[in-house]
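>>> next one to model:
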Amino acid sequence: MNFEFKVKKIEQSRIAEVDFNHLAFGKTFTDHYFCADYIDGKWQNMCILPLEPMAMHPASSVLHYGQSIFEGLKAEVNPAGRPLLFRPDKNAERFEISANRMALPVVPQELL
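The predicted structure is shown next:
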């Protein structure tokens, strides 16, 4: 599958502030995040955006019914500067299992 998406880069990366010898779980985040809309039975409007606070409607189902999935993918850079992902296939499987359990649209593993 071929997926196209827009990329909006952050103006100033925070990577220089990251202490890679002491990464804190749930406290160290990337500069960007992936966003997509599920419309008419398919994923659309895919993009990568700078990490920033999100506006959310007070009636969002995540606030009322806990209908959400968050799956963080572990990654680091090797000495040659290439990214290394920790078991991305297992990450995609967990996401799919969670989506099915929550009766939410499944994200194709190829997209993840």
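>>> from Gly72, how far out is the closest residue to Val106 other than its chain neighbours?
Spatial nearest neighbour of Val106, chain neighbours left out: Ala99 (4.6 Å); criterion: CB to CB, 6 or more residues apart in numbering. C-beta here means a position set from N, CA and C on the backbone, and glycine is covered the same way. Distance of Ala99 to Gly72, computed by CB to CB, to the nearest Å: 15 Å.
>>> ok, the two, which is more surrounded?
Looking at Ala99 and Gly72 with other CB atoms under 10 Å, you find the greater number of neighbours at Ala99, namely 15 against 10.
>>> contacting residues around the strand or helix carrying that one?
Take DSSP states H and E as the rule and Ala99 turns out to sit in helix 88-102. Contacts of helix 88-102 from elsewhere in the structure, counted by CB atoms under 8 Å, 6 or more residues apart in numbering, are Gln67, Ser68, Ile69, Glu71, Leu73, Leu104, Pro105, Val106, Val107, Gln109, Leu112.
>>> now do stretch 29-49: distance to the chain's middle.
Taking the mean C-alpha point of stretch 29-49 and that of its whole chain, the gap between them comes to 8 Å (CA atoms, centre = their mean, to the nearest Å).
>>> also stretch 80-91?
Per CA atoms, centre = their mean, the displacement of stretch 80-91 from the mean C-alpha position of its chain is 14 Å.
>>> what comes up buried for it?
Across stretch 80-91, burial judged by 16 or more other CB atoms under 10 Å covers Asn91.
>>> just the CA atoms of that stretch, as PDB, please.
The C-alpha trace of stretch 80-91 is given here as PDB (Å, rounded to 0.1, in the frame of the first residue of the first chain):
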ATOM      1  CA  ALA A  80      25.600   5.600  12.100                       C
ATOM      2  CA  GLY A  81      22.600   7.900  12.500                       C
ATOM      3  CA  ARG A  82      20.000   5.400  11.300                       C
ATOM      4  CA  PRO A  83      16.800   5.000  13.300                       C
ATOM      5  CA  LEU A  84      16.200   1.700  15.100                       C
ATOM      6  CA  LEU A  85      12.600   0.700  15.900                       C
ATOM      7  CA  PHE A  86      11.800  -1.700  18.800                       C
ATOM      8  CA  ARG A  87       9.500  -4.400  17.500                       C
ATOM      9  CA  PRO A  88       7.300  -2.300  15.200                       C
ATOM     10  CA  ASP A  89       5.400  -5.400  14.100                       C
ATOM     11  CA  LYS A  90       4.300  -6.100  17.700                       C
ATOM     12  CA  ASN A  91       3.400  -2.500  18.200                       C
END
